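Peer 1: below: sequence and its predicted model.
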Amino acid sequence: MIPLSAPNLAGNEWQYVKDCLDTNWVSSVGSYVDRFEQMSAAYNGVNAAIATSNGTAALHISLMLAGVKRDDLVLTTNITFISPVNVITYVGAEPVLFDVDPATWQMDMELVAAFFENETTVTPAGCVHTATGKLIGAIMPVHILGNMCDMNRASELGKKYNIPVIEDATEALGSTYYGKHAGSMGFCGCLSYNGNKIITTGGGGMILFNDTELAKKAKHLTTQAKSDPYEYTHDEIGYNYRLVNILAALGVAQMEQLPGFVTRKKEVAARYAARLKNIAGVKAFQQPTPGTDANCWLFTVAFENQEALAKHLLAEKIQVRPLWVPMNKLPMFRHCLYINDNDRSGKLYGDCLSLPCSTNITNAEIDRVGDQIEAFYKK
Ligand SMILES: *Cc1c(COP(=O)(O)O)cnc(C)c1O
């Protein structure tokens, strides 16, 4: 089987994990946690980075830091892995789901702009959704598949309506937008190191901050809000959302290899694009958002007859995956506002397949995938 996106652990992972075991620094503090945080802040061009147990925990803490409360509305995308939409409900808020841009497949910021223009009212308490009187608590763009949302537009709307923008950059580590790293432009930005992401710690996450005071608050909340180094005294309700030193050791080794991984992901995407561009059943490639240099995390294509193609490729031992079921189709979120333009996200979901694109995939394997796609459409 050619896997979809497998971890690549060919660097100093063993050595650094062994160091943790040899020195007994295995748990939630240790030099690798500090190093991983420092490397992440430096790489992404922010002032501070706080490691978390996973990307979902990073997003949850971000919403709390942004002051999102029960019954607020949070604006996010309809096509995403479920995590950002779940966390909105963790704080008692309600998602407003936005359709995607037809070319970039990202949350359509023009629909967001029109929503603010036509469906909200600025009051002394903040910007509210006119029909329900609910406060808009945050805008949460999700940079899906390694491409990026129109962050200039998102930032402009956030500023205009005084609403924090929280970037879900979990799929876009290594992507830049007009030279700025994914996750470095908003109120804060979240990363994930789950097994299929561009780098992995098995499971883990990070929150990126320009505001170092906010970063301190994040560390506090992820450490059970313990307020004294000696005594067990706590000044608010906190969480155990820390990343342990053993996993941070993996993270440090992975960060050392990240630039090489990004280069390889881009080569893989370019080779697929060249191989597939003249095949009749290919409907569309994802277009980079203007200003974006994408990490090409998961190479995804819109195909004719996608379901049958997927069956054919799986039978040929080529692991492919459809996009995530649109959030508005899930029973928990069916009642949420879905701001759409002829349900583009539903159509995109019906067309798309992600192709194998691990950093250690060989060119011969990419060509085999291309040959099989061609063979399918010739039949
Ligand atoms: C992977 C991912 C997350 C975070 O996932 P964890 O498994 O909790 O690290 C969040 N949002 C998106 C869009 C993701 O793809």
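Peer 2: Arrived safely, thanks for sending. Numbering: from 1, shown residues only.
Peer 1: in the helix of greatest length in the chain, which residues are buried?
Peer 2: Counting residues, the longest helix in the chain under DSSP state H turns out to be helix 245-276. For helix 245-276, the buried set under the neighbour-count rule, 16 or more other C-beta atoms under 10 Å, comprises 245-255, 257-258, 261-262, 264-266, 268-269, 271-272, 275-276. C-beta here means a position set from N, CA and C on the backbone, and glycine is covered the same way.
Peer 1: which among those residues are in contact with the ligand?
Peer 2: With the criterion set as C-beta under 6 Å from any ligand atom, no member of the buried residues of helix 245-276 is near the ligand.
Peer 1: Leu313 against Gln372, yeah?
Peer 2: Yes: Leu313 is in contact with Gln372 according to C-beta atoms under 8 Å; the separation is 5.9 Å.
Peer 1: residues from the protein in reach of the ligand?
Peer 2: Contact residues, the chain versus the ligand (C-beta under 6 Å from any ligand atom): 54-56, 80-81, 83-84, 142, 168, 170-171, 192, 194, 205.
Peer 1: just the ones of the residues you listed in helices?
Peer 2: The helices, defined by DSSP H, take in 55-56, 83-84 from those.
Peer 1: as TSV, these with neighbour count and pLDDT would be great.
Peer 2: Formatted as TSV, those follow (neighbours: other C-beta atoms under 10 Å; pLDDT from 0 to 100):
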residue	neighbour count	pLDDT
Gly55	27	98
Thr56	23	98
Ser83	21	98
Pro84	26	98
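Peer 1: can you show me the strands along the stretch 251-379 of the chain?
Peer 2: For the stretch 251-379 of the chain, applying DSSP state E, counting those that start in this stretch gives strands covering 282-285, 292-293, 300-303, 321-322, 338-339, 352-354.
Peer 1: most tightly surrounded among those?
Peer 2: Among the strands of the stretch 251-379 of the chain, strand 300-303 has the highest mean neighbour count (mean count of other C-beta atoms under 10 Å), at a mean of 23.
Peer 1: report the buried members of the residues of the chain next to the ligand.
Peer 2: Burial by neighbour count, 16+ other C-beta under 10 Å: within the residues of the chain next to the ligand this picks out 54-56, 80-81, 83-84, 142, 168, 170-171, 192, 194, 205.
Peer 1: closest to Ala42 out of these?
Peer 2: Proximity of those to Ala42 (C-beta to C-beta) peaks at Gly205, which lies at 17.8 Å.
Peer 1: for the closest one, give the beta-bridge partners.
Peer 2: Under DSSP bridges, the beta-bridge partners of Gly205 are Thr52, Ser192.
Peer 1: so the residue nearest the centre of the chain versus Ala6, what's the distance?
Peer 2: Nearest residue to the geometric centre of the chain (C-alpha atoms, centre = their mean): Thr170, 2.7 Å. Going from Thr170 to Ala6 by C-beta to C-beta, to the nearest Å gives 18 Å.
Peer 1: returning to that earlier point: would you format the strands of the stretch 251-379 of the chain as a markdown table with mean pLDDT included?
Peer 2: Supplementary listing: the strands of the stretch 251-379 of the chain in a markdown table, determined by pLDDT from 0 to 100:
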| stretch | mean pLDDT |
| --- | --- |
| strand 282-285 | 98 |
| strand 292-293 | 98 |
| strand 300-303 | 98 |
| strand 321-322 | 98 |
| strand 338-339 | 98 |
| strand 352-354 | 98 |
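Peer 1: out of those, which comes closest to Ala138?
Peer 2: Minimum separation from Ala138 across the strands of the stretch 251-379 of the chain (C-beta to C-beta) falls at strand 338-339, 15.8 Å.
Peer 1: contact partners of the closest one?
Peer 2: Here strand 338-339 makes contact (C-beta atoms under 8 Å, 6 or more residues apart in numbering) with 78, 96-99, 111-112, 115, 328.
Peer 1: number of residues surrounding Pro288?
Peer 2: Using other C-beta atoms under 10 Å, Pro288 has 18 neighbouring residues.
Peer 1: ok, it touching Gly146?
Peer 2: No: using C-beta under 8 Å, Pro288 is not in contact with Gly146; the gap is 9.5 Å.
Peer 1: which residues are common contacts for the two?
Peer 2: Residues touching both Pro288 and Gly146 (C-beta under 8 Å, 6+ apart) are Ala294.
Peer 1: can you name the residue of the stretch 1-150 of the chain nearest the ligand?
Peer 2: Minimum separation of the stretch 1-150 of the chain from the ligand (C-beta to the nearest ligand atom) falls at Gly55, amounting to 2.6 Å.
Peer 1: tell me the contacts of that residue?
Peer 2: Counting by C-beta under 8 Å, 6+ apart, Gly55 touches 83, 168, 170, 190-194, 204-205.
Peer 1: now the two most distant members of these.
Peer 2: Asp168 and Gly204 (15.4 Å).
Peer 1: the strands in the stretch 51-200 of the chain, which residues?
Peer 2: Under the criterion DSSP E, counting those that start in this stretch, the stretch 51-200 of the chain contains strands at 73-77, 94-98, 120-123, 126-129, 136-139, 166-168, 176-177, 180-181, 188-192.
Peer 1: would you list these in CSV and tack on distance to Met151 and mean pLDDT?
Peer 2: Putting the strands of the stretch 51-200 of the chain into CSV (distance: least, C-beta to C-beta, whole Å; pLDDT from 0 to 100) gives the following:
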stretch, distance to Met151, mean pLDDT
strand 73-77, 13, 98
strand 94-98, 15, 98
strand 120-123, 20, 98
strand 126-129, 19, 98
strand 136-139, 11, 98
strand 166-168, 8, 98
strand 176-177, 5, 98
strand 180-181, 8, 98
strand 188-192, 10, 98
